[in-house]
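A.B. asks: Sequence and predicted model, in that order:
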Amino acid sequence: MTAFAYRGGVLHAEAVCLEDIAGDVGTPVYVYSQTAIERAYRSLADSIDARICYAVKANSNQAVIATLARLGAGADVVSGGELARAIAAGVPPGEIVFSGVGKTREEIARAIALGVGQINVESEPELRAVSELACAAARSAVVGVRVNPDVDVNTHRKIATGGRLHKFGIPYQDVARLYAQAHGLPGLRVAGLAVHIGSQLLDPAPFERAYRRLAGLVSALRADGFSVEKLDLGGGLGIAYTAERALDPTVLADVVARTLGGLGCALVVEPGRYLVGNAGILLTRVILTKRTPGRTFVVVDAAMNDLLRPTLYDAVHPVMGVRRAPPDARRAAADIVGPVCETGDVLATAVELPSLAAGDLLAIGGAGAYGAVMASSYNGRALVGETMVCEDRFAVIRPRLDPAELLALDRLPPWLSGPKAG
Ligand code: LLP
């Protein structure tokens with residue numbers, strides 16, 4: 001059951017009419033369903049016997065993190081900014097995993113001072129830095145060693161992370177050496193291993209390959225006398241945007257049980273997209289329709305700066321008219337494009353839509369993950385706003401940032417602010 005459905009011919013988010021949201025707060029705007037987020041969390045928690053640390057990067061709005069924190073989720077963060085967001089939204093520091101390939105010393109020191117649950121290290125210099133900073137703070141830092149398992153995954157090349165040539169993790173053949181080194185450094189408690197092989201994965205096979213490799217490492221490390229208490233299995237669960245078949249979490253749970261079940265390790269997963277992806281839409285209004293000899297363009301008020309995924313990853317998102325067209329309405333293929341001055345500013349290509357007029361509203365689905373968080377103000381556009389629906393209520397959870405407010409942040413250097421030369 002989806003949270004976005006037609007009622008009386010008009011698309012609603014739960015019990016709230018999307019026309020009302022557009023009328024009240026304007027467009028473009030993101031709309032999230034709290035109930036859909038809660039449902040996704042519960043279905044994952046029921047499927048897999050692992051601690052769920054929500055990958056905040058997918059959608060770091062306080063309201064979204066708080067929704068998940070209230071259900072008991074921890075958080076996976078990749079920057080000081082995300083760490084601050086997770087804590088502000090009520091995630092206890094001890095339930096936070098700090099991941100990422102380039103943590104600064106300031107970020108590491110902050111994480112240690114706050115007492116984050118685990119810092120996943122991805123390189124030898126980083127391991128040393130965590131040790132030094134923990135000692136300086138007279139604290140002990142819990143670390144996980146992120147493994148690069150060298151597995152190929154079938155997803156967009158920009159979001160595959162577990163291959164030999166990717167920047168992430170410690171090459172698996174070096175893990176035993178680094179693990180031993182970590183045990184020798186002061187200020188560290190080594191909890192175990194971590195892995196994340198990529199995002200939007202629909203096939204369980206690469207997970208299986210990666211987890212088998214992880215199991216092999218656990219056995220080898222234990223044979224060398226080291227303890228491995230915890231395995232962080234990353235995120236990556238793929239969802240259905242349009243025609244794809246989502247990877248069922250119970251299938252992933254079976255893979256985990258088969259490959260890692262007998263090891264007696266505590267398990268952590270770090271899903272982002274699975275929890276929020278289909279819980280959000282981007283609501284946009286048609287500015288005009290333009291026909292050219294080869295194409296029909298529907299120019300809308302949302303653009304690549306609001307939802308970058310189609311441009312960056314050739315992602316295909318579903319497009320729905322907020323007013324349902326009669327079943328016998330004539331449909332024709334159109335490209336949904338924004339006003340940004342780039343040919344790549346396309347939100348959807350060749351979608352079969354009934355004819356649309358200026359002012360009509362469209363909802364772009366699957367926009368809850370990696371939508372608003374990746375938005376910018378490119379082309380001097382307002383930074384897009386966000387709203388959340390719960391049953392028959394809705395609230396603005398981030399107002400649109402007006403271009404005037406952004407303009408006010410600019411400063412002229414002194415040599416440009418005086419009277420004009422010449
Ligand atoms: N853990 C780590 C260490 C990660 O790097 C990521 C995602 C996740 C967990 C969560 O992965 P998920 O469950 O959401 O697949 N902007 C891209 C996705 C980038 C994902 C980066 N890392 C997109 O729009 O598809």
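C.D. replies: All right, it came through fine.
A.B. asks: Now name the helix or strand holding residue 131.
C.D. replies: Per DSSP states H and E: residue 131 is located in helix 124-136.
A.B. asks: Please name every helix or strand in contact with that helix.
C.D. replies: Packing contacts for helix 124-136, counted by 3 or more C-beta pairs under 8 Å, 6 or more residues apart in numbering; DSSP states H and E, involve helix 105-114, strand 118-121, strand 141-148, helix 175-184, strand 188-194. For the C-beta atoms, the positions are set from N, CA and C on the backbone; glycine is no exception.
A.B. asks: Now render these as CSV, adding mean neighbour count and mean pLDDT.
C.D. replies: As requested, those are exported to CSV (neighbours: other C-beta atoms under 10 Å; pLDDT from 0 to 100):
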stretch, mean neighbour count, mean pLDDT
helix 105-114, 18, 98
strand 118-121, 28, 98
strand 141-148, 26, 97
helix 175-184, 17, 96
strand 188-194, 23, 98
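A.B. asks: Kindly report the residues of the stretch 51-200 of the chain close to the ligand.
C.D. replies: Residues of the stretch 51-200 of the chain lying close to the ligand by C-beta under 6 Å from any ligand atom are 55, 57-58, 76, 99, 159, 196, 199-200.
A.B. asks: Which parts of the stretch 201-350 of the chain are strands?
C.D. replies: 230-232, 266-269, 280-292, 295-300, 319-321, 331-337, 346-354 (DSSP state E, counting those that start in this stretch).
A.B. asks: what are the ranges of the helices in the protein?
C.D. replies: Assigned by DSSP state H, the chain shows helices spanning 18-25, 34-47, 62-70, 80-88, 105-114, 124-136, 175-184, 205-223, 249-260, 273-276, 309-313, 403-407, 414-417.
A.B. asks: quick one: which of the residues of the stretch 51-200 of the chain next to the ligand is nearest residue 398?
C.D. replies: Distance to residue 398, by C-beta to C-beta, is smallest for residue 58 among these, at 15.3 Å.
A.B. asks: Residue 279 is in contact with that closest one, correct?
C.D. replies: No. Using C-beta atoms under 8 Å, residue 58 makes no contact with residue 279, being 10.3 Å away.
A.B. asks: for the ligand, what are the nearby residues on the stretch 301-422 of the chain?
C.D. replies: Residues of the stretch 301-422 of the chain lying near the ligand (C-beta under 6 Å from any ligand atom): 309, 313, 369-370.
A.B. asks: what's the burial count for residue 244?
C.D. replies: Close neighbours of residue 244, defined as other C-beta atoms under 10 Å, add up to 12.
A.B. asks: so what's it up against?
C.D. replies: 202, 238 (C-beta atoms under 8 Å, 6 or more residues apart in numbering).
A.B. asks: pLDDT at residue 422, what is it?
C.D. replies: pLDDT for residue 422: 65.
A.B. asks: Quick one: mean pLDDT over stretch 276-286.
C.D. replies: pLDDT averaged over stretch 276-286 gives 98.
A.B. asks: when you scan that stretch, is anything in it near the ligand?
C.D. replies: No. Stretch 276-286 is not in contact with the ligand by C-beta under 6 Å from any ligand atom; minimum separation 7.6 Å.
A.B. asks: Check stretch 24-43 too.
C.D. replies: No. Stretch 24-43 stays clear of the ligand (C-beta under 6 Å from any ligand atom), getting no nearer than 11.2 Å.
A.B. asks: distance between the ends of that stretch?
C.D. replies: By C-alpha to C-alpha, to the nearest Å, the extent of stretch 24-43 from end to end equals 33 Å.
A.B. asks: just stretch 113-130 next, same as before
C.D. replies: 12 Å.
A.B. asks: so how far is it off the chain centroid?
C.D. replies: 22 Å (C-alpha atoms, centre = their mean, to the nearest Å).
A.B. asks: Not counting that stretch itself, show me its contacts.
C.D. replies: 74, 83, 87, 93-101, 103, 105, 108, 111-112, 137, 139, 141-146, 168-170, 178, 181-182, 185, 187-188, 191, 194, 230, 232.
A.B. asks: neighbour count winner among residue 58 and residue 279?
C.D. replies: Taking other C-beta under 10 Å, residue 58 and residue 279 do not tie; residue 279 has more neighbours (30 against 25).
A.B. asks: Spit out the contact partners of the residue lying closest to that one once chain neighbours are set aside.
C.D. replies: In space, and not counting its chain neighbours, residue 279 is closest to residue 36: 3.6 Å by C-beta to C-beta, 6 or more residues apart in numbering. Counting by C-beta under 8 Å, 6+ apart, residue 36 touches 2-3, 278-279, 368.
A.B. asks: of those residues, buried ones?
C.D. replies: 3, 278-279, 368 (16 or more other C-beta atoms under 10 Å).
A.B. asks: Would you confirm that residue 13 contacts residue 7?
C.D. replies: No. Contact between residue 13 and residue 7 fails when scored by C-beta under 8 Å: they sit 10.5 Å apart.
A.B. asks: The residue of the stretch 1-150 of the chain found nearest the ligand: what's it in contact with?
C.D. replies: At 3.5 Å from the ligand, residue 55 is the closest residue in the stretch 1-150 of the chain, using C-beta to the nearest ligand atom. Contacts for residue 55 were tallied using C-beta under 8 Å, 6+ apart; they are 75-76, 235, 270-272.
A.B. asks: Many thanks, have a good one.
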